[in-house]
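**Student:** Quick check, what structure comes out for this input:
(chains A and B)
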Amino acid sequence: MNRYVFTAIAVMAVVTYLIRMLPLTLMRRKIKSVFLRSVLAYVPYAVLTAMTVPFILYSTASPISAALGLAAALVLSLREQSLITVALGASAVVFLAEFFV
Amino acid sequence: MSEEKTGAAADFAEGLRGGIPIALGYLSVSFAYGIMAQTGGLDLFSTVLISMTNLTSAGQLAGTQLIFDAASYMEIAVTTFVINLRYMLMSLSLSQRVDEKMTLWQRLLVSFGITDEIFAVSYQRKRPPNAIYMFGLILLPYIGWALGTFLGSAAGYIMPERVRSALGIAIYGMFVAIVVPVCKRDKACLFVAVLAGAVSCCLKYIPLFSATPQGWAIIICAVSASVIGALLFPIDDKEGEGER
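**Tutor:** Have a look, this model is predicted:
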């Protein structure tokens, strides 16, 4: 590992850490604005959906197996199964589906 | 005293359990990352070091590609910043949610482990996440992330292709499992999620927007959907007032 690679890794690590660390350590008081509190409450669901849709369709060897896996995940999560059940259930459906597609 | 101990152990165990599916998902993603970095010519030590110091998929992938291009430190810093800016939103959300007794040192440690998945799982916990719970939650995904990178870089294709493909959906399955039950109960949340998904599809499929870097795309989706959701359906919970 040369000096450039090491410095580059250090730059990446420091920038990433500061982004994560500053709000959690500096924001010690509750935000009073109902609007801002609402925005922050919705952020996780917006972020997760934006990362899932439409990218879940490209997460396996074919969009067809991925769509079947997504369907399995939807059914299992509507029945309020645990995270690992949903994740592995979707994986199992993809695994089986890819014998046929 | 002993009760407190049981509480801490239970919190830690609850965190560990929450981390299992994340760790499994990370194992396959970081495995793919390890292969990619090794193929590009990055040595095993550097590759694992990146995973152990960054703990982020999109951010470190982009950073690694920039290292291959011998990009300037400034370009690496700005790209990392933009792609990882969403962690600032998550860290801010989490600052409103965590146990207020969390000390500065605990916050400094916990911040390191804020990823999309760890954030999501901690956020859906019914009680405010405390430091012990967060440490438990972060531990296995961190090991999975480092281990997967090591295996990917060192050993090439260990998992059969079919298994890798099937595990590729695991992380997304988890996201679905987090968002769907909440949307089932809460129509406002359903609205926000549908809106975020629609904006995300627009950014991906409309040619004019499809060059939007992934880091920006996630921020645009998250901020637009959350702001519109907050304007239409403000959450007026009493919790905030009591804790002023």
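**Student:** and after the helix or strand bottoming out on mean pLDDT in chain A, which helix or strand comes next?
**Tutor:** When each helix and strand of chain A is scored by mean pLDDT, DSSP states H and E, helix A:34-52 comes last, with a mean of 85. Heading C-terminal from helix A:34-52, the first helix or strand you meet, by DSSP states H and E, is helix A:63-78.
**Student:** ok, back up a step: so does the least confident helix or strand of chain A get close to chain B?
**Tutor:** Yes - counting by CB under 8 Å from any CB of the partner chain, chain B has neighbours in helix A:34-52: A:34-52. Placement of C-beta: from N, CA and C, glycine included.
**Student:** Selection in ChimeraX covering whichever of these are buried, please.
**Tutor:** Buried subset of those, written as a ChimeraX selection, criterion 16 or more other CB atoms under 10 Å in any protein chain shown:
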select /A:37,38,39,40,41,42,43,44,45,46,47,48,49,50,51,52
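**Student:** Could you pull up the residues touching the residue nearest the centre of chain B?
**Tutor:** Most central in chain B under CA atoms, centre = their mean is B:Asp116, positioned 1.8 Å from the mean C-alpha point. For B:Asp116, the contacting residues are A:Val47, A:Leu48, A:Met51, B:Arg86, B:Met90, by CB atoms under 8 Å, 6 or more residues apart in numbering or on different chains.
**Student:** gap between it and B:Tyr172?
**Tutor:** Taking CB to CB, to the nearest Å as the measure, B:Asp116 falls 11 Å from B:Tyr172.
**Student:** Return every residue with contacts to both of the two.
**Tutor:** Counting by CB under 8 Å, 6+ apart, the contacts common to B:Asp116 and B:Tyr172 are A:Met51.
**Student:** Next up, phi/psi of residue 59, please.
**Tutor:** Because you didn't say which chain, this covers chain A. phi -90, psi -10 (degrees, to the nearest 10).
**Student:** That was the other one, I meant chain B.
**Tutor:** Main-chain torsions, B:Gly59, degrees, to the nearest 10: phi -60, psi -50.
**Student:** you'd agree it is up against B:Arg86?
**Tutor:** No - using CB atoms under 8 Å, B:Gly59 makes no contact with B:Arg86, being 9.7 Å away.
**Student:** how distant is the longest helix along chain B from the center of its chain?
**Tutor:** Scanning chain B for the helix with the most residues, using DSSP state H, yields helix B:2-40. Centroid displacement of helix B:2-40 relative to its chain, using CA atoms, centre = their mean, to the nearest Å, is 12 Å.
**Student:** mean confidence for that helix?
**Tutor:** Mean per-residue pLDDT for helix B:2-40: 82.
**Student:** cool, and stretch B:128-147?
**Tutor:** Averaging pLDDT along stretch B:128-147 gives 96.
**Student:** same question, stretch B:229-237
**Tutor:** Throughout stretch B:229-237, pLDDT has a mean value of 89.
**Student:** Might you report the residue contacts of B:Tyr205?
**Tutor:** Contacts of B:Tyr205 by CB under 8 Å, 6+ apart are A:Pro54.
**Student:** So for it, what's the pLDDT?
**Tutor:** pLDDT, B:Tyr205: 94.
**Student:** Phi first, then psi, for it.
**Tutor:** phi -100, psi -20.
**Student:** Over to A:Arg28?
**Tutor:** phi -90, psi -10.
**Student:** How much space separates the closest residue to it other than its chain neighbours from B:Gly19?
**Tutor:** Among residues not flanking A:Arg28 along the chain, B:Ser95 sits closest, at 7.5 Å (CB to CB, 6 or more residues apart in numbering or on different chains). Per CB to CB, B:Ser95 is found 21 Å from B:Gly19.
**Student:** if we can go back for a sec, check which helices and strands the least confident helix or strand of chain A sits against.
**Tutor:** Judged by 3 or more CB pairs under 8 Å, 6 or more residues apart in numbering or on different chains; DSSP states H and E, helix A:34-52 is in contact with helix B:86-95, helix B:116-123, helix B:170-185, helix B:187-205, helix B:214-232.
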